[in-house]
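Engineer: quick one, structure for this:
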Amino acid sequence: MLRLEHISKIYPTGEVLKDVNWEVKPGDRIGLVGVNGAGKSTQLKIIAGEIEPTAGEVIRPGSLHIAYLTQEFEVDPTRTVREEFWTVFKEANQVQHSLAQVQRDMETADPEKLDQLIHKLDRLQRQFEGLDGYGLESQIEKILPEMGFEAEDGDRLVSAFSGGWQMRMSLGKILLQKPDLLLLDEPTNHLDLETIEWLETYLKGLKTPMVIVSHDREFLDRLCTQIVETERGVSSTYLGNYSAYLQQKAEAQEAQLSAYERQQKELDKQQAFVERFRASATRSTQAKSREKQLDKIERIEAPTGGLRTLHFRFPPAPRSGREVVVIKDLVHTYGEKILFLGADLLIERGDRIAFLGPNGAGKSTLLHLMMGMEQPTEGTVEVGHHQVIPGYFEQNQAEALDLSRTVMQTIHDEVPDWKNEEVRTLLGRFLFSGETVFKKVESLSGGEKARLALAKMLLRPANLLILDEPTNHLDIPAKEMLEEAIQNYDGTVIIVSHDRYFISQVANKIVEIRDGEFRTYLGDYHYYLDKIAEEKEQARQEAIAAEKAAKKAAKAAKKSTTKRQ
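Structural biologist: Sure, this is the predicted structure:
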């Protein structure tokens, strides 16, 4: 279907892709993985024809129709949902607009003008039919419910919907084009868990092959049939999902390390022989022969598992009292919207709690209430009085950091007594080295800002970490290091995140915000999923029992009425 052969891409800043080789076959769902800057989005753009490779070629049939869902959803907030879907069919859409205009003009036209408009209307209607306009109309009406929209949503403005629903519009527009290959660049960014799960289920049901760039490991695990990793500009293909890729990679690295060590041992042995007998009168010929053989041996490279990545630990802090956060009778509203209604919660020392709930449920607002950045409408949200020292990680790093400062100055502002060498050592642990420490914060990428904010957190010992979407903009190796740091942290952690894999690695309690209250699950994320499944099954059984009881009651009432008659 499509094959990348020896693709390289060189930018003025350096070589991103060196030797990329992989292919897409019918039915494939391929996940592209690699650290930030490895060239994943670059590969999508090369496949889509948006940029040209420096060398190599993309082999594909000329008739192959590729659709590309970018990180920025291309929708117009001033259109209705139905109008937004219609933009896919450009010519038919223009004819439809012309038809609507003619019909409006006919309402006020004089008899002479009316005759002209009737002829124009007839011509446009025939043109619309020739473009299968009514068939396209039915396609749009069919895809609206597929994307989760109600019939009346078609007439609502795009601006009335959240980012998750706008993603559904963008995906629906792409699918209306009936693509042969689907490219998805970070499709789960900024989506709540409910929408992510909907997207997984929907994509699984499609027969269209797809290539996905994502840092969402759970998403890759549930969806992908193949993983293509790009490391140091070179691609490697692994069959199976993300978990299978991790296992295969570990096995391959272990085998490579073993082969590398065996070869090094043999090379050292042969080199020692050469050095020992190079000047020997009787064995120098043999030594030279072995030296030539050594030069011809193809060297096995050491495994690339030692790639530089984020590594840190949270600093130790004083032990806090048992009660870390106490929430009593919490009521909080924004205008007519009620977020919390008489909610109670106790967070204790050592808890690692993940708060779950759809976008708009009040998760980030709750963290603001804990930090005293907002005051509750009613009730109390109190951080414990016994040596509780909170540290807060903002969701939006652009707002949390001073954009006018350099990376170096940002750290120096926190610890003015530190020497430059100490600051550079800390920044080096967060992958800031050389001239990058003098870059202004405003010129940093999202991932770099996230790393800088984490570095700032290290400077202030805290026994309560409050983390709002800490994995946003982090690549997978950085997420893994953050998970390890939280697992080794002996304080209390409160997390808001849409990253299910991250939650499953760090949380020991789950609190779901539902109907303005807190529902606590005393276990990890998988325990929570099991309990939710049990609750749904119980609700289903109760609904069946209620329906049976209602039918039985109706039957009894009917029988009673018949007897009285």
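
Engineer: and for stretch 229-236, what's in contact with it?
Structural biologist: 4, 8, 15-22, 32-35, 38-40, 43, 228, 238, 245, 249, 304, 307 (C-beta atoms under 8 Å, 6 or more residues apart in numbering). No exception for glycine: its C-beta is placed from N, CA and C like everyone else's.

Engineer: drop anything exposed from these.
Structural biologist: Listed as buried from these are 4, 8, 16-18, 20, 22, 32-35, 38-40, 43, 228, 238, 245, 249; burial here means 16 or more other C-beta atoms under 10 Å.

Engineer: how distant is the longest helix anywhere in the chain from the center of its chain?
Structural biologist: In the chain, taking DSSP state H as the definition, the longest helix is helix 525-564. Counting by C-alpha atoms, centre = their mean, to the nearest Å, helix 525-564 is centred 39 Å from the centre of its parent chain.

Engineer: so what does it touch, helix or strand wise?
Structural biologist: helix 500-506, strand 509-514, strand 517-521 (3 or more C-beta pairs under 8 Å, 6 or more residues apart in numbering; DSSP states H and E).

Engineer: which neighbouring elements make contact with the longest one?
Structural biologist: For helix 500-506, the helices and strands in contact under the criterion 3+ C-beta pairs under 8 Å, 6+ apart are helix 217-223, strand 352-356, helix 476-487, strand 492-496, helix 525-564.

Engineer: Val326 belongs to a strand?
Structural biologist: Yes - applying DSSP: H, G, I helix; E, B strand; the rest coil, one finds Val326 inside a strand.

Engineer: can you list the weak-confidence ranges in the stretch 451-565 of the chain?
Structural biologist: The model of the stretch 451-565 of the chain has pLDDT under 70 over residues 563-565.

Engineer: ok, 50 please
Structural biologist: Counting by pLDDT under 50, not a single residue of the stretch 451-565 of the chain qualifies.

Engineer: okay, and the helix or strand of the chain with the least pLDDT?
Structural biologist: Lowest mean confidence among the helices and strands of the chain (mean pLDDT, DSSP states H and E): helix 397-400, at a mean of 68.

Engineer: what's whichever helix or strand comes after it in contact with?
Structural biologist: Sequence-wise, the next helix or strand downstream of helix 397-400 (DSSP states H and E) is helix 407-414. Helix 407-414 has contacts (C-beta under 8 Å, 6+ apart) with 401-402, 405, 418, 420, 423-424, 426-427, 432, 436-439, 441, 444, 452, 455-456, 459-460.

Engineer: and stretch 291-300, by the same measure?
Structural biologist: 256, 259-260, 263, 267, 270-271, 274, 278.

Engineer: cool, and stretch 64-76?
Structural biologist: When contacts are defined by C-beta under 8 Å, 6+ apart, stretch 64-76 is touched by residues 1-2, 44, 47-50, 84, 87, 158, 163, 166-167, 169-171, 174-175, 177-187, 189.

Engineer: chain center to it: distance?
Structural biologist: Its chain's C-alpha centre and that of stretch 64-76 lie 16 Å apart, by C-alpha atoms, centre = their mean.

Engineer: roughly how far apart are the residue nearest to Pro318 when sequence neighbours are not counted and Arg319?
Structural biologist: Of all residues not flanking Pro318 in the chain, Gln387 sits nearest, at 5.1 Å (C-beta to C-beta, 6 or more residues apart in numbering). Distance of Gln387 to Arg319, given as C-beta to C-beta, to the nearest Å: 7 Å.

Engineer: and for these two, which residues touch both?
Structural biologist: Taking C-beta under 8 Å, 6+ apart as the contact rule, Gln387 and Arg319 both touch Asn463.

Engineer: rewinding a little: inside helices: which ones of the contacts of stretch 229-236?
Structural biologist: 40, 43, 245, 249.

Engineer: surely the second one meets Val24?
Structural biologist: Read it as Gln43. No - applying C-beta atoms under 8 Å as the test, Gln43 and Val24 come out as separate, 11.3 Å apart.

Engineer: rewinding a little: restricted to strands, list the contacts of helix 407-414.
Structural biologist: Among these, no member falls in strands (DSSP state E).

Engineer: so which of those are in helices?
Structural biologist: Those of the contacts of helix 407-414 lying in helices (DSSP H): 420, 423-424, 426-427, 452, 455-456.

Engineer: if any of these are buried, put those into a ChimeraX selection.
Structural biologist: Buried members of the ones in helices among the contacts of helix 407-414, defined by 16+ other C-beta under 10 Å, are picked up in ChimeraX with:
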select :423,424,426,427,452,455,456
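
Engineer: in a markdown table, list the ones in helices among the contacts of helix 407-414 along with distance to Gln116.
Structural biologist: Supplementary listing: those in a markdown table, determined by distance: C-beta to C-beta, whole Å:
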| residue | distance to Gln116 |
| --- | --- |
| Asn420 | 80 |
| Val423 | 77 |
| Arg424 | 78 |
| Leu426 | 77 |
| Leu427 | 73 |
| Leu452 | 66 |
| Ala455 | 71 |
| Lys456 | 70 |
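
Engineer: just the ones in helices among the contacts of helix 407-414 now: which is nearest Val102?
Structural biologist: Nearest to Val102 among the ones in helices among the contacts of helix 407-414: Leu452, at 58.4 Å, using C-beta to C-beta.

Engineer: distance check, the closest one against Ala507.
Structural biologist: 25 Å.

Engineer: same check on Leu356?
Structural biologist: For Leu356, the distance to Ala507 - C-beta to C-beta - is 9 Å.

Engineer: where do the contact lists of those two overlap?
Structural biologist: Joint contacts of Leu356 and Ala507 (C-beta under 8 Å, 6+ apart) do not exist.

Engineer: report the angle between the axes of the longest helix of the chain and strand 352-356?
Structural biologist: Calculated by axes from the mean of the first three to the mean of the last three C-alpha atoms, to 10 degrees, helix 525-564 forms an angle of 40 degrees with strand 352-356.

Engineer: got the end-to-end distance for stretch 342-356?
Structural biologist: 18 Å (C-alpha to C-alpha, to the nearest Å).

Engineer: wait, Arg283 touches Phe277, no?
Structural biologist: Yes - here Arg283 reaches Phe277: they are 4.1 Å apart, a contact under C-beta under 8 Å.

Engineer: neighbour-wise, which of these two wins?
Structural biologist: Phe277 (17 against 14; other C-beta atoms under 10 Å).

Engineer: contacting residues for the more buried one?
Structural biologist: Phe277 makes contact with 283-284, 286-287 under the criterion C-beta under 8 Å, 6+ apart.

Engineer: distance check, it against Ser284.
Structural biologist: 6 Å.

Engineer: between the contacts of Phe277, which has the most around it?
Structural biologist: Neighbour tally across these (other C-beta under 10 Å): the maximum, 17 neighbours, falls on Ala287.
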